[in-house]
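>>> Only the shape, not the letters, is given here:
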Ligand SMILES: [Zn+2]
């Protein structure tokens, strides 16, 4: 009888241990699955963007990159670092190649009166950009570097269209009109507030973060200034430009200015402020 009872107790203990092992196994399994899902969510969107862009020819990619370029050009809240806001201290200059356009500064209405939009390299651009871009492009070709334009000039009408699309998307997701407009402003520049409205800005090679690791990017970093181009939204200047780092977005400012900006490590806002301070 005594023996039987002990046996029964041991059996219960065994069942208890088995259940605990099973529970522990499930907990580990759930944690593992949660970890994999988290990893998946972080990694996949970036890879999809890169692959989506590189799989298409430059022509096929135009519309897509036009869109993705816009979605990439996230502005950064001005409240994040109001101390470094140069915009209210900068006056627009007379030189066309130094025109300032950013989320706070609109392209002056008179700017378009003196410029002409043409089609070159299968893209629309300011006519004054054609020659310097051709020189840059030829030099890149000679060095075995493949450069192509994803997006250059955007009219205010196209910008308005894309801005409205973003508002409509937000309204559909249940936002109020005010919320929808505020959110749209973060993702898409308002008409007249995108540097692409100047026709002097170029988005290169598919508009992906991966461009940073390409030979073309290294070449541009080394040589773009020689042809008058600057990386407009550099890493580390986000609090001044209020646009996130964009390795693909270059802006024509002219050889002399591009070289000086490179030498001084200044972004356009800093450089314009510097010029102003040193003139008066
Ligand atoms: Zn751009």
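Everything's here; your move. All figures in this text were calculated on a predicted structure; none of them were measured in a lab.
>>> In a helix, residue 140, correct?
Yes. The assignment for residue 140 by DSSP: H, G, I helix; E, B strand; the rest coil puts it in a helix.
>>> The stretch 51-200 of the chain: strands as residue ranges?
117-120, 123-126, 149-151 (DSSP state E, counting those that start in this stretch).
>>> Dump the ones you listed to a markdown table, plus distance to residue 252 and mean neighbour count.
The C-beta positions use only the backbone N, C-alpha and C, and glycine is treated the same way. Below are the strands of the stretch 51-200 of the chain laid out as a markdown table (distance: least, C-beta to C-beta, whole Å; neighbours: other C-beta atoms under 10 Å):
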| stretch | distance to residue 252 | mean neighbour count |
| --- | --- | --- |
| strand 117-120 | 13 | 14 |
| strand 123-126 | 8 | 21 |
| strand 149-151 | 12 | 23 |
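>>> could the ones you listed be laid out in JSON lines, adding mean pLDDT and distance to residue 195?
Shown next, in JSON lines, are the strands of the stretch 51-200 of the chain (pLDDT from 0 to 100; distance: least, C-beta to C-beta, whole Å):
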{"stretch": "strand 117-120", "mean pLDDT": "96", "distance to residue 195": "15"}
{"stretch": "strand 123-126", "mean pLDDT": "96", "distance to residue 195": "12"}
{"stretch": "strand 149-151", "mean pLDDT": "94", "distance to residue 195": "11"}
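>>> mind putting the ones you listed in CSV, distance to residue 235 included?
Converted to CSV, those look like this (distance: least, C-beta to C-beta, whole Å):
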stretch, distance to residue 235
strand 117-120, 30
strand 123-126, 26
strand 149-151, 20
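>>> Ok, which of those strands comes nearest the ion?
strand 149-151 (6.1 Å; C-beta to the ion).
>>> Kindly reformat the strands of the stretch 51-200 of the chain as a markdown table and extend each row with distance to the ion.
Formatted as a markdown table, the strands of the stretch 51-200 of the chain follow (distance: least, C-beta to the ion, whole Å):
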| stretch | distance to the ion |
| --- | --- |
| strand 117-120 | 17 |
| strand 123-126 | 12 |
| strand 149-151 | 6 |
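>>> Can you name the residues of the protein that neighbour the ion?
By C-beta under 5 Å from the ion, the residues of the chain that approach the ion are 203, 249.
>>> part of a strand, is residue 250?
Yes. Under three-state DSSP, residue 250 sits within a strand.
>>> Spatially nearest residue to it, not counting backbone neighbours?
residue 229 (4.7 Å; C-beta to C-beta, 6 or more residues apart in numbering).
>>> how near is the one you found to residue 104?
When distance is defined by C-beta to C-beta, to the nearest Å, residue 229 is 23 Å away from residue 104.
>>> Of these two, which one has the most company?
A count of neighbours by other C-beta atoms under 10 Å puts residue 229 above the other of residue 229 and residue 104, at 24 against 16.
>>> residues in contact with the more buried one?
By C-beta atoms under 8 Å, 6 or more residues apart in numbering, residue 229 lies in contact with 132, 136, 202, 220, 250-253, 258.
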